[in-house]
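A.B. asks: Generate a structure from the sequence data that follows.
(2 chains)
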Amino acid sequence: MSECEQRMNEQRRQILQMLADGKITAGEAERLLDALDREKPASPRARPRYLRVLVSWDDDFDGPGRVNVRVPLQLLRAGVRLASLLPPQALARANDELARSGVPIDLTQLKPQHLDDLVEHLDDLTVDVDQPDAKVRLYCE
Amino acid sequence: MIPMLVTIRRRRPGGRWRRLAVPVLPVLLVLSPLLLLAVLAGLVACLVFRVNPAQALAVAGRVAGALPGTLIEVDDGRTALRISVR
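C.D. replies: Sure thing, here's the model as predicted:
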């Protein structure tokens, strides 16, 4: 039980005690309890567990197609850890290839903590791409 | 928790579905001699590439443990493939 819930239970108990002692009327107790309920914080949003990738298209020759991939976010986190095991030589070669492709990212500067943060913030990510013959949707659920 | 069941379903152009359910644990037990060889090969690779074997094993365990819940569905025209890890 959170500290906030404990405090509210204590206040509720005090109201009922005042009612029992005759210090307040039943109507006043009801109003106080209603006010207490209104103060109750909204329940926290459930954390997403999966990354969903939906792709659909309509091809003139093969007809419609669809790809639906659900990846547990936990798997992404584990994958991040796996990436942190890459030996420095491999990272140097990957850096060279990225630079050659016009993506100057130094992978050796990426720490597991940074990647963890990235995965954490995927929760709020939604990507929608709409084209006349294809749709891509990426979100966490 | 490692995956318990991998289900692979495939729809052929004729429209018929073929389904293959792979119980992971029994298959791992049957293939345990090969698995041991794979672990040894992984150990050698870790030493060659100077990667901490214990860390690599832990990460591999985390990846395997995170697999349940994975779902891949591909529909393309008259063929389709569904892979589900539970």
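
A.B. asks: got the contact list for the helix or strand containing B:Pro26?
C.D. replies: Using DSSP states H and E, B:Pro26 falls within helix B:24-30. By C-beta atoms under 8 Å, 6 or more residues apart in numbering or on different chains, the list of residues contacting helix B:24-30 from outside reads B:2-6, B:35. Using the backbone N, CA and C atoms, a C-beta is placed for each residue, glycine as well.

A.B. asks: So which of these wins on neighbours?
C.D. replies: By neighbour count, taken as other C-beta atoms under 10 Å in any protein chain shown, the most surrounded of those turns out to be B:Pro3 (20 neighbours).

A.B. asks: circling back to that earlier point, save the contacts of helix B:24-30 as JSON lines, and put in pLDDT too.
C.D. replies: Formatted as JSON lines, the entries for the contacts of helix B:24-30 read as follows, by pLDDT from 0 to 100:
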{"residue": "B:Ile2", "pLDDT": "84"}
{"residue": "B:Pro3", "pLDDT": "89"}
{"residue": "B:Met4", "pLDDT": "91"}
{"residue": "B:Leu5", "pLDDT": "93"}
{"residue": "B:Val6", "pLDDT": "94"}
{"residue": "B:Leu35", "pLDDT": "92"}
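
A.B. asks: Farthest pair within those?
C.D. replies: Greatest spatial distance in the contacts of helix B:24-30: B:Leu5 and B:Leu35, 18.3 Å, computed using C-beta to C-beta.

A.B. asks: Spell out which residues of chain A are next to chain B.
C.D. replies: A:49-50, A:59, A:62-72, A:74-75, A:77-79, A:81-82, A:84-85, A:87, A:89-90 (C-beta under 8 Å from any C-beta of the partner chain).

A.B. asks: Check those for burial and list the buried ones.
C.D. replies: Neighbour-count burial (16 or more other C-beta atoms under 10 Å in any protein chain shown) applied to the residues of chain A next to chain B gives A:50, A:65, A:67-72, A:74-75, A:77-79, A:81, A:85.

A.B. asks: And the residues you listed, which two are furthest apart?
C.D. replies: Taking C-beta to C-beta as the measure, those span a maximum distance of 35.8 Å, between A:Gly65 and A:Leu85.

A.B. asks: Identify the residues contacting the closest residue in space to A:Ala92 that isn't next to it in sequence.
C.D. replies: Nearest residue to A:Ala92 in three dimensions, chain neighbours excluded: A:Thr108, at 7.4 Å (C-beta to C-beta, 6 or more residues apart in numbering or on different chains). Under the criterion of C-beta under 8 Å, 6+ apart, the contact list for A:Thr108 reads A:88, A:91-92, A:95.
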